[in-house]
Every structure is written in C-alpha cells, then in structure tokens.
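Visitor: Return a 3D structure for these sequence lines:
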Amino acid sequence: MVEAQPSHCAYNVVLDIADPTRNTTLQDPGVALVDDFLRQQGQQAVGTVANTIFPASLYHRYGAPAFFDVFQERVLRRVRRNERWSGYYFERMIDVSVPEGKSPNQLWDIVGRINDKKVKSLNKFELPLFDAARDVDNSPYGGQCLSFLSFKVVPGAKNSGKKLGLTAMYRNHFYVEKLLGNLIGLGRLMDFVCRETGLDLGELTIVSTRAEVDLPKGTRRNDIKTLLSRVRDAGQKYAA
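Guide: Have a look, this model is predicted:
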C-alpha cells in the first residue's frame with residue numbers, strides 16, 4: 001500500500017481495473033464519500049477531475065465527431081489559462097501542438113484506425129500527452145501528470161469479441177485529490193472508443209511512476225485514514 005510507505009509515496013505503482021465503468025457515479029457510496037470529502041476541502045469534485053480526461057456529457061449530447069468542436073468552442077475558451085496548459089488532458093488528445101499546419105486529432109485518428117480493416121496491427125494505438133515544448137520548465141509544481149496512453153485491441157476468447165485495453169502512465173499521481181476522478185475519466189474514455197468501434201470493454205491499467213497519498217490543504221493524516229476506512233466499509237456494504 002502506498003499509504004504505508006515512507007513519506008506516504010511509492011514508485012512505479014500499478015493498478016489493474018477489470019471493469020473501468022462499474023460503480024463510477026455518485027450513486028456509488030464510495031464515490032459519494034470521496035466527492036463530499038474533496039468538496040469540503042475546497043478541492044475539485046470527482047466529476048470535474050473526470051471531465052479533464054473525457055467530457056462524457058458533451059459526447060452523449062452531441063455525438064462524435066461534433067462534440068470535439070463543441071468542446072473547443074465552448075469549454076476551452078472559458079477555461080484556458082494560457083497557451084501552455086488548459087488543465088484538460090482531453091485538449092491534448094484532440095489538438096496536438098504542431099509547428100505549422102492543422103493540429104491532428106489523435107483520439108479520433110485512433111478510432112479511425114481501429115475501424116480501418118486495412119490496419120492489421122492491434123498494438124499501435126499510442127497517444128502521447130506530455131509535450132516537451134510546453135511541459136519542461138523549472139517549476140516543481142503544476143503541469144501535466146498524465147503523460148501517455150496506450151490503447152490495445154485484445155483478441156477475445158473463443159466465441160467472444162475483441163476487447164479494448166488501455167494503459168495510462170502518470171509521471172506523478174495524487175491519490176486523494178485525483179485518483180478516483182482520473183479512473184472514472186479514463187473509464188469513460190474507454191467507453192467512448194468502444195462505442196465508436198464496436199469493441200468490448202477490457203481492462204484499464206494505471207502505471208504511476210510516482211504515487212502519493214497526498215494531504216489536501218487543511219487536512220491531517222488521520223482525516224485520510226478515516227476517509228479510506230469509510231470508503232472500504234461502503235464498498236463492502238455495496239457489494240453485499
């Protein structure tokens with residue numbers, strides 16, 4: 001456990017999620033507990049964090065590819081802090097910074113290649129989010145934490161369809177403030193790709209090259225221990 005490590009952090013921590021879209025709404029007691037805790041501490045809500053990875057409500061309302069333009073015209077113009085970083089990973093998925101020419105939509109390109117019968121390789125659907133031109137500086141804080149996404153089309157067992165797998169790599173991961181929202185956002189991203197390609201949903205793997213059970217401002221270590229205990233208890237009751 002990361003919490004039990006010195007300084008409450010660990011390196012190269014791997015999480016495997018068998019069903020990335022299960023128990024991911026506020027109706028789940030564990031999600032509600034974490035969301036309420038973060039809101040009380042003045043942190044971003046779980047849903048807000050999830051939306052930085054995938055704006056599910058826009059997708060379900062406008063469909064693809066129309067929701068890409070809606071996101072850029074209505075969301076980015078409102079939240080963009082500067083040219084370096086809007087705070088939305090989804091922006092980097094669909095609008096890559098290039099020296100000249102039209103910015104490619106990496107995510108939609110992956111969907112297109114998965115659907116292309118001429119594409120035979122099932123393991124070449126890579127999506128980088130780290131941008132050396134924008135992200136390398138001398139600041140110890142801020143910037144992107146999600147660095148890379150690797151989608152895989154996984155052959156199914158006999159009489160079953162192909163599945164979509166996703167591995168996400170984080171350079172740094174705050175488990176209290178961000179982990180749950182990130183897991184939900186990545187699950188929604190996988191669900192989008194599955195809907196647009198007809199693939200079945202597979203496993204989500206998170207590799208955090210550095211993970212920390214952080215202390216949001218104004219909290220104590222005992223607050224985090226109490227939260228974790230309540231979430232475990234809620235999960236056990238929910239599953240019973």
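Visitor: When you work out contacts or count neighbours from here on, use the C-alpha atoms and nothing else.
Guide: Noted.
Visitor: Identify each buried residue in the host helix or strand of L107, please.
Guide: Assessed by DSSP states H and E, L107 sits inside helix 106-115. Neighbour-count burial for helix 106-115 flags Q106, L107, W108, I110, V111, R113, I114 (criterion: 16 or more other Cα atoms under 10 Å).
Visitor: Repeat that for stretch 35-45.
Guide: D35, F37, L38, Q43, Q44, A45.
Visitor: which residues of this protein fall in strands?
Guide: For the chain, applying DSSP state E gives strands covering 9-17, 125-128, 146-154, 163-170, 173-174, 200-212.
Visitor: got a markdown table for the buried residues of helix 106-115, with distance to P55 too?
Guide: Shown next, in a markdown table, are the buried residues of helix 106-115 (distance: Cα to Cα, whole Å):
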| residue | distance to P55 |
| --- | --- |
| Q106 | 16 |
| L107 | 13 |
| W108 | 14 |
| I110 | 18 |
| V111 | 17 |
| R113 | 22 |
| I114 | 21 |
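Visitor: contacting residues for D200?
Guide: Listed by Cα atoms under 8 Å, 6 or more residues apart in numbering, the contact set of D200 reads G161, K162, K163, L164, C194.
Visitor: Could you list the low-confidence segments of the protein?
Guide: For the chain, the stretches with pLDDT under 70 are 81-84, 139-142, 157-160, 236-240.
Visitor: Helices of that one, start to end?
Guide: According to DSSP state H, the chain carries its helices in the segments 29-40, 46-53, 56-62, 66-70, 77-79, 89-94, 106-115, 132-135, 180-197, 221-239.
Visitor: so can I have JSON lines of the ones you listed showing distance to T209?
Guide: Listed next are these as JSON lines, based on distance: least, Cα to Cα, whole Å:
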{"stretch": "helix 29-40", "distance to T209": "23"}
{"stretch": "helix 46-53", "distance to T209": "19"}
{"stretch": "helix 56-62", "distance to T209": "27"}
{"stretch": "helix 66-70", "distance to T209": "30"}
{"stretch": "helix 77-79", "distance to T209": "28"}
{"stretch": "helix 89-94", "distance to T209": "18"}
{"stretch": "helix 106-115", "distance to T209": "23"}
{"stretch": "helix 132-135", "distance to T209": "17"}
{"stretch": "helix 180-197", "distance to T209": "15"}
{"stretch": "helix 221-239", "distance to T209": "22"}
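Visitor: can you tell which of the strands of the chain is closest to G218?
Guide: Closest to G218 of those, according to Cα to Cα: strand 173-174, at 15.7 Å.
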